[in-house]
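Colleague: Predicted model and sequence follow; I will ask about them next.
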Protein chains: 2
Amino acid sequence: MSLDAVLARIDSDFPAATERLMDLLRIPSVSTDPAYAEQCDQAADWLVADLQSLGVEASKRETPGHPMVVGHVGETGPHLLFYGHYDVQPVDPLDLWDRDPFDPELQETGNGQVIRGRGASDDKGQLMTFVEACRAWKAVHGSLPGRLTFLFEGEEESGSPSLVPFLQQNATELKTDLALICDTGLFDSFIPAIVTRLRGLVGEDFTITGPTRDLHSGMYGGIAMNPIRVLTRILADLHDETGRITLPGFYDGVEELTDEIRSQWQGLNFDHARFLGDVGLKHPAGEQDRTPLEMIWSRPTCDVNGIWGGYTGAGFKTVLPSQASAKVSFRLVGKQDPDAIQTAFRTYLESRLPEGFSIDYHDKDGAGASQMPTDNPAFEKARRALTEEWDRPAAYIGCGGSIPIAGHFQDILGLDSMLIGFGRDDDQIHSPNEKFHVESFHKGIRSWARILAALT
Amino acid sequence: MSLDAVLARIDSDFPAATERLMDLLRIPSVSTDPAYAEQCDQAADWLVADLQSLGVEASKRETPGHPMVVGHVGETGPHLLFYGHYDVQPVDPLDLWDRDPFDPELQETGNGQVIRGRGASDDKGQLMTFVEACRAWKAVHGSLPGRLTFLFEGEEESGSPSLVPFLQQNATELKTDLALICDTGLFDSFIPAIVTRLRGLVGEDFTITGPTRDLHSGMYGGIAMNPIRVLTRILADLHDETGRITLPGFYDGVEELTDEIRSQWQGLNFDHARFLGDVGLKHPAGEQDRTPLEMIWSRPTCDVNGIWGGYTGAGFKTVLPSQASAKVSFRLVGKQDPDAIQTAFRTYLESRLPEGFSIDYHDKDGAGASQMPTDNPAFEKARRALTEEWDRPAAYIGCGGSIPIAGHFQDILGLDSMLIGFGRDDDQIHSPNEKFHVESFHKGIRSWARILAALT
């Protein structure tokens, strides 16, 4: 049978597939830092060339930021759009990495062999599972199945500023029957999963200015209001004692779980003590009256992702700084409105500034939450394919992260998305020592071959 | 008359004195940063050579940190110890400086000519007022008056770790009749002043660790406690709504003003609106039931001098960091016990950590407040000498800063200290664009000549 031949080809070609991924991982395509613009471009070129080698009509498409890679192949049959991103997170703090983040290697661990390096899991390794499935298919059949469109983004880790305009400008070209997005994980490291709900995100990067210059605390301490004092009070008051977020109107649009989903999630037997224990934590930090899975899948959050102000070097400097800054983000769910929350947050910030203080906003970021239509039959076909490959029933789950692309595909292209990925909770994406399990990479490739067979 | 000849000599030699100060300012003797150890040494050598040129038996004395400069001259008469420090504060943020902080120059401003550069006011310019007074005296008289001992420290801006052991080990050599310390300011930029009360200081530099690694807020946001959330809550709660510091026992040993001092301070007509307005602030930040002068001279404070955690680079990174850090300092008054306050602060910090979190302490710093005995007749003599030079009645004032040396001189050498200095409030010490008024430098030198004449 032809699928078996493709799977066999995936197995025999796997060492070469791993080498190809290593090549891509060596390109430091950090999208948030303008210093790496050239490397982002280089990663896009690499992917264009690789798609072309599969007979895909692929090209690099310029944007005001990092380029998109778009490819098309096939004339008839179901038309699938595959999305992944080739950009990666910054690597700091670099001294916590065991090796150069952009010099990947295979490592043996207590949990099996892993590919260690920035982007191994998020998202280059995942992106390549689909490409490698196509390569094996092409080797066996001489052509790819159905009609495929590829869309690889280079700004996913920096808020995707060019994505919406690009989708709008190329809507006709990108309109397909279904989107496949590979940027999520297995449930609990072993159970294959299709994510059907994603949290949204609102981010603000701002600086509070008090005194017009840095002051000496000997001369001004006690009489001059310290911007760090103002900032810490503002940030601390974003949560009440029960873990609830205090921003007025914040919970507008947050929906309660249906009984069906609630009982399905209970059936997953999520071991939150182990989940937290793995990273050295003891107690869930969210609203005290919510279950741990609700906290990460169906409840909104507020977190300070960065804070800085005053003297942070070696030794002491008794300075009252002129400024203090923070990056704050909110994860959104249900029908929470990113614009309304951003407005509420700015209103809150400004209402808490002492007279004479000012605030400047820098970067911002925002996207609503998404929910997928599991009544589209493709979902059940994919779930069966995943179940066959992993020998565990695949689950429909939530995801705490934001993959705004799914919302944009719906809004701009009228397209449903299937979010399937093979990451594990401990892949340390966005952290030092990121890795991707070799098993995830291998079975991920095989999973896509099965899904392609099921959908085309 | 001999004093007039010395004053005339000071006036005629003033351009050369300014050049010498410029030379010293060009040495980047930043004591808090180990990268500048060699430059601190170089500044000490410069001072040894300069004192030797005045016939002072001077030498560089090694310590575990930066060296002390000690010099002696004279055999009979009142024995005075002069103290200053040759180290300077770090210069960051460098981009807020109008010029290289270590390439000083004379600049014309709306308030007269200034010497611009790191250390111009704190404390190289002040230290040199005394040295230049001695140089003029020597030029006129062929020798220096009375018996003089010089002690120049190189670690004042980094908590003076070597000072106490050095004073203890050299107590016999340094025991004199009175100490003169030049590291303070004029009152309100024009009225000469002798500082008779100094606040103490307790500082803590610490890091809170929660998760064992940085986490992705998509995966862990809502369930994992963020160390920045913990830190901001802890820091925010250090002040209550009335500006009072909440640390248990913090106000033990804080004394109320006597009626005499209260009315003397009222007579100074301190213009707090202008004082704050000069740096862009509107309202006094201290305890609401205290006067502005109390807030800076006789009330204790708590300030965060630095805070950092998470991602602080360009763009967004939706990280839940493993750690968050702060540098916190308390200015102390009266009989507040630095050790007790440090213990109370650590107890407070640890009591507020969630289970599973840990805290590491790095640098610390501590010294009690000081009060000077104005019944020593030398105080009235010096006050008259200052009044003559500045043509305004000199005042006994408080100082919000910590100059722990005065306490150490009392405790270790049994020595009273007279704190006389010529800085202005807007000298921007510890900040970008530090300056020292040429008038302060000039009249400062003349003031010391008058004081030397009055005391010897």
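Modeller: Perfect, I can see it now. Residues are numbered from 1 along each chain as shown, chains lettered A, B, ... in the order given.
Colleague: same for the host helix or strand of residue A:264, what does it pack against?
Modeller: Using DSSP states H and E, residue A:264 sits within helix A:259-267. With contacts defined as 3 or more CB pairs under 8 Å, 6 or more residues apart in numbering or on different chains; DSSP states H and E, the packing partners of helix A:259-267 are helix A:292-297, strand A:395-399. (Each C-beta comes from the backbone N, C-alpha and C, glycine too.)
Colleague: got those as TSV, with mean pLDDT columns?
Modeller: Shown next, in TSV, are these (pLDDT from 0 to 100):
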stretch	mean pLDDT
helix A:292-297	92
strand A:395-399	86
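Colleague: nearest to residue B:427, of those?
Modeller: Closest approach to residue B:427 among the helices and strands packed on helix A:259-267 (CB to CB): helix A:292-297, 51.9 Å.
Colleague: Next up, the contacts around the residue of the stretch 101-250 of chain A found nearest chain B.
Modeller: Of all residues in the stretch 101-250 of chain A, residue A:218 sits closest to chain B, at 2.4 Å by CB to the nearest CB. Residue A:218 sits next to A:318, B:199, B:331, B:399, B:400, B:401, B:402 when contact means CB atoms under 8 Å, 6 or more residues apart in numbering or on different chains.
Colleague: Could you point out the helix or strand that follows the strand or helix carrying it?
Modeller: Here residue A:218, judged by DSSP H and E, is contained in helix A:217-220. Next in sequence after helix A:217-220, counting helices and strands by DSSP H and E, comes helix A:227-236.
Colleague: Break chain A into its domains for me.
Modeller: Listed domain ranges for chain A are A:2-198+A:369-455, A:200-254+A:300-366, A:255-293 (source: automatic domain parsing).
Colleague: Establish whether the longest one and chain B are in contact.
Modeller: By that I understand domain A:2-198+A:369-455. Yes - shown here: domain A:2-198+A:369-455 in contact with chain B (CB under 8 Å from any CB of the partner chain) through A:31-34, A:89-90, A:92-93, A:96, A:157-159, A:185, A:399-402, A:425, A:428-433.
Colleague: Make a PyMOL selection of the buried ones in the residues you listed.
Modeller: Applying 16 or more other CB atoms under 10 Å in any protein chain shown to the residues of domain A:2-198+A:369-455 next to chain B, the buried members can be selected in PyMOL as follows:
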select buried, chain A and resi 31+32+33+89+90+92+157+158+159+185+399+400+401+402+425+428+429+430+431+432+433
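Colleague: for the top helix by length along chain A, packing partners?
Modeller: For chain A, the helix with the greatest residue count under DSSP state H is helix A:2-25. Under the contact criterion of 3+ CB pairs under 8 Å, 6+ apart, helix A:2-25 touches helix A:37-53, strand A:112-116, helix A:124-141, helix A:438-455.
Colleague: Between helix A:438-455 and that helix, find me the angle.
Modeller: 130 degrees (axes from the mean of the first three to the mean of the last three CA atoms, to 10 degrees).
Colleague: Identify the residues contacting helix A:2-25?
Modeller: For helix A:2-25, using CB under 8 Å, 6+ apart, the contacting residues are A:43, A:46-47, A:50, A:86, A:102, A:104-106, A:115, A:117-120, A:124-125, A:128, A:132-133, A:135-137, A:139-141, A:438, A:441-442, A:445-446, A:449-450, A:453.
Colleague: So among those, which ones count as buried?
Modeller: For these, buried by 16+ other CB under 10 Å: A:43, A:46-47, A:50, A:86, A:102, A:104, A:115, A:117-120, A:124-125, A:128, A:132-133, A:135-137, A:140, A:438, A:441-442, A:445-446, A:449-450, A:453.
Colleague: and the helix or strand harbouring residue A:203, is it in reach of chain B?
Modeller: According to DSSP H and E, residue A:203 maps onto strand A:200-209. Yes - Strand A:200-209 reaches chain B (CB under 8 Å from any CB) through A:201, A:203, A:205.
Colleague: Between those residues, which sits nearest residue A:387?
Modeller: Nearest to residue A:387 among those: residue A:201, at 31.0 Å, using CB to CB.
Colleague: which residues sit in contact with that closest one?
Modeller: The contact partners of residue A:201, by CB under 8 Å, 6+ apart, come to A:329, A:330, A:331, A:332, A:338, A:365, A:366, A:367, A:402, A:404, B:318.
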